[in-house]
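Student: Compute the structure for the input listed below.
(chains A, B, C and D)
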Protein chains: 2
Amino acid sequence: MDLDAVRTFVAVVDAGQFQDAAADLSITQQAVSKRIAGLEKALAVRLFTRTARGARLTIDGQAFLPHARELLRVAERAVASVLPGSRPLRVDVIASRSAASGLMRGFHRAHPEVELDVVMLFDVETAVAALRSGAIDASFRAVAVPGRPLPEDIESVWVLDEALQLLTGPAHALAGARSVTVAQLTGHRIWMPGIVPGTEWAAYYDDLVAEFGLTIEATGPNFGSDALLDTIADTPALATFMGGQTRLVWPAGHGLRRIPVTGPTPVYPHSLLWRRDNPHPGLATLRAHLAAVADGHDAAGTWAPGWAIRR
Amino acid sequence: MDLDAVRTFVAVVDAGQFQDAAADLSITQQAVSKRIAGLEKALAVRLFTRTARGARLTIDGQAFLPHARELLRVAERAVASVLPGSRPLRVDVIASRSAASGLMRGFHRAHPEVELDVVMLFDVETAVAALRSGAIDASFRAVAVPGRPLPEDIESVWVLDEALQLLTGPAHALAGARSVTVAQLTGHRIWMPGIVPGTEWAAYYDDLVAEFGLTIEATGPNFGSDALLDTIADTPALATFMGGQTRLVWPAGHGLRRIPVTGPTPVYPHSLLWRRDNPHPGLATLRAHLAAVADGHDAAGTWAPGWAIRR
DNA sequence: GAAAACGCACAACCAAGGGTTGTGAGCTAA
DNA sequence: TTAGCTCACAACCCTTGGTTGTGCGTTTTC
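Tutor: Numbering: from 1, shown residues only, chains lettered A, B, ... in the order given. From the prediction side, this is the model:
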């Protein structure tokens, strides 16, 4: 199916006849006839009944019409998503299951009029470069990693702390615990595949390990969270960390346990970053929304790396 | 923009590299390269960064990806809308502003899982033919027009009566009335453009005229409800009938008046029609929904043509 | 560190698609 | 009946989009 043919179909519907549609599209009537014939052949149905005074929709054509219009709308939005100038607000989050992702869903519910595109960049350094170049408009990241202070033209504001929770299978030694302290995790193997050295994720877990003497294995490629959960569910010796806000989409019966961590609770700090002179109207809306939904900050009983900005 | 190129784009994203995507699509790697290059040229952005181990999405590519997937989903639904076999439930309504249309919106809210296509056929005779041929699955119509009894294989059930209301401009003689009786309308000009002789609409208004001695002018082509409302608003001598459930979408300030009609209230009876052996699962859902939302039938104080089935 | 392997882009070529002009068939209206 | 209008078909041509062959650059391997 060809989008030009769909566009032609809609043009004929709006014009009422092939000739006027052809004029609207600046092609010949014969070309319109060919395009419609091709579309009808591809769909294996007749879309118009040709009369001496023009073309009228068949029943199939009537049923197809709203889908055709929707198709053109979506195509237009797709093009707009990469159009320099007035493209949708482009926001980087650290992971699709992170609290930042949840915040963006909330923002979209509150402000459906703001067109949004969510991307996931490699690390905070990439994100900052993308912010400066204008490739993205905002980024949820932990700042500021040692040795990488934020440039002058990048502003940031702390948004929330995401409490880490322990995720184990049913046969894990801690599976029955109501909650665990960080100290209790000493000696247990925590598996966090996909953490790439040099990123702020890695810096965070390096500090966590150094502070509490945990055993975190970052080995192995990331085959996706499904594969991770699968392995955790079946392996008694392994556990992993997961954001507290994450809503687990996982078949019941596997017996995955989610256990709060205390004494102190490790939290991952999310800040919103943006370029000071970015004029995107959606950016102001997003900042206002985040300021409105932010709850008071209570750092008591939590832990974050010393370099983390949490204000 | 070409849908094949979009499909190729998604295939490359899923495969991670051009070569595997080419194998998935049963074309050569060079063709994939050309398609992606063409798409990038059309969008004027780079979608992939080519590496020695495959292709990775750029930021623009990441932003474009969800739109591309949505585009393919919509295209699939568009094709499915005319696919014989398991196509969406196809329902005919008498007009986009009719009560039947509102019922279908309610059904869609209650059962979003039932794919729907709404069409508007010429008259009840066309609708019955379409029902028998399987071109549509259900139809909201007034039955049974004299001389056109329903065939044996078509079932029908009364759904609701739609009360007609008078619509006038601010300068109309009846503009200030809280309500009017049918008798009061004698001598006033009621304008109903677009009513085609031979249809059940025409039969309905013929009976209305014969019963109460109204003056209904069905002359002139139908230029759409916007043009109709425009004329009514500006012409003191004209009024029109409109379904009571219709939510007027009309700029405030024009002073259009909607006046209930009594003594008796003319109502337009809607029945649901369907072919007895139509196996579409959505049809049963629709019938059950309509039975559930139907309020009790109170014919007191209302008028409908003698031929109308209202049970 | 050289060689093999891998992945994508470019060039040349060819078939097919999609545009144009010219023309005819069919219906409507005068 | 005729003139007018609308769409479809035929012939033609250029552009598009596929293939094969090849080269360049990076990664992996011994």
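
Student: Counting neighbours, what do you get for the closest residue to A:Thr8 other than its chain neighbours?
Tutor: Once flanking residues are discounted, A:Thr8 sits nearest to A:Arg35: 4.4 Å by C-beta to C-beta, 6 or more residues apart in numbering or on different chains. Backbone N, C-alpha and C define where each C-beta goes, glycine included. A:Arg35 has 24 neighbours, counted by other C-beta atoms under 10 Å in any protein chain shown.

Student: Look up how far chain B lies from A:Val79.
Tutor: 7 Å (C-beta to the nearest C-beta, to the nearest Å).

Student: just to revisit the earlier point, does the residue nearest to A:Thr8 lie in a helix or a strand, and which?
Tutor: Following DSSP states H and E, one finds A:Arg35 within helix A:29-43.

Student: who does that helix touch, helix- and strand-wise?
Tutor: Applying 3 or more C-beta pairs under 8 Å, 6 or more residues apart in numbering or on different chains; DSSP states H and E, one finds that helix A:29-43 contacts helix A:3-15, helix A:18-25.

Student: circling back to that earlier point, quick one: contacts for the residue nearest to A:Thr8?
Tutor: A:Asp2, A:Asp4, A:Ala5, A:Thr8, A:Phe9 (C-beta atoms under 8 Å, 6 or more residues apart in numbering or on different chains).

Student: Buried among those residues? Make that a PyMOL selection.
Tutor: Filtering the contacts of A:Arg35 down to the buried ones (16 or more other C-beta atoms under 10 Å in any protein chain shown) takes a single PyMOL command:
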select buried, chain A and resi 5+8+9
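
Student: May I have the secondary structure class of A:Ser139?
Tutor: Using DSSP: H, G, I helix; E, B strand; the rest coil, the structure places A:Ser139 in strand.

Student: So it versus chain B, what's the distance?
Tutor: For A:Ser139, the distance to chain B - C-beta to the nearest C-beta - is 11 Å.

Student: repeat for A:Ala127
Tutor: Taking C-beta to the nearest C-beta, one finds A:Ala127 at 10 Å from chain B.

Student: just checking, that residue touches A:Val91?
Tutor: No. Taking contacts as C-beta atoms under 8 Å, A:Ala127 lies outside contact range of A:Val91: 10.2 Å.

Student: what is in contact with these two at once?
Tutor: A:Ile136, A:Ser139.

Student: what ranges do the helices span in chain A?
Tutor: Taking DSSP state H, the helices of chain A run over residues A:3-15, A:18-25, A:29-43, A:59-80, A:99-110, A:124-133, A:200-212, A:225-234, A:281-293.

Student: Now do the third one and helix A:59-80, the angle between them.
Tutor: For helix A:29-43 against helix A:59-80, the angle by axes from the mean of the first three to the mean of the last three C-alpha atoms, to 10 degrees is 100 degrees.

Student: list the buried ones in helix A:29-43?
Tutor: A:Val32, A:Ser33, A:Arg35, A:Ile36, A:Leu39, A:Glu40, A:Leu43.

Student: repeat for the second one
Tutor: Buried residues in helix A:18-25, defined by neighbour count with 16+ other C-beta under 10 Å: A:Phe18, A:Gln19, A:Asp20, A:Ala21, A:Ala22, A:Leu25.

Student: could you give the mean pLDDT of it?
Tutor: For helix A:18-25, mean pLDDT is 92.

Student: The third one too?
Tutor: Looking at helix A:29-43 alone, the average pLDDT works out to 93.

Student: Please apply the same query to the last one.
Tutor: Confidence for helix A:281-293, expressed as mean pLDDT, is 94.

Student: Check the longest one too.
Tutor: Averaging pLDDT along helix A:59-80 yields 95.

Student: Which strands or helices does that helix pack on?
Tutor: Counting contacts by 3+ C-beta pairs under 8 Å, 6+ apart, helix A:59-80 packs against helix A:3-15, helix B:59-80, strand B:116-119.

Student: Could you single out the most deeply buried of those?
Tutor: Mean neighbours per residue, mean count of other C-beta atoms under 10 Å in any protein chain shown, is largest over the helices and strands packed on helix A:59-80 for strand B:116-119, with a mean of 22.

Student: Which residues does it contact?
Tutor: Counting contacts by C-beta under 8 Å, 6+ apart, the residues touching strand B:116-119 from outside are A:59, A:62-63, A:66, B:81, B:87-93, B:101, B:104, B:107-108, B:136, B:282.

Student: Dump it to CSV, restricted to CA.
Tutor: C-alpha atoms of strand B:116-119 as CSV (Å, rounded to 0.1, in the frame of the first residue of the first chain):
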residue,chain,number,x,y,z
LEU,B,116,-15.8,-0.5,14.6
ASP,B,117,-16.5,1.1,11.3
VAL,B,118,-19.5,3.4,11.0
VAL,B,119,-20.9,4.0,7.5
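
Student: That strand pairs with which strands?
Tutor: strand B:89-92 (parallel) (DSSP bridges).

Student: Averaged pLDDT, the partner strand. What do you get?
Tutor: Mean predicted lDDT for strand B:89-92 stands at 96.

Student: what does stretch A:147-157 give?
Tutor: The model assigns stretch A:147-157 a mean pLDDT of 89.

Student: Mind listing what's buried along it?
Tutor: Applying 16+ other C-beta under 10 Å to stretch A:147-157 flags A:Leu150, A:Ile154, A:Glu155, A:Ser156 as buried.
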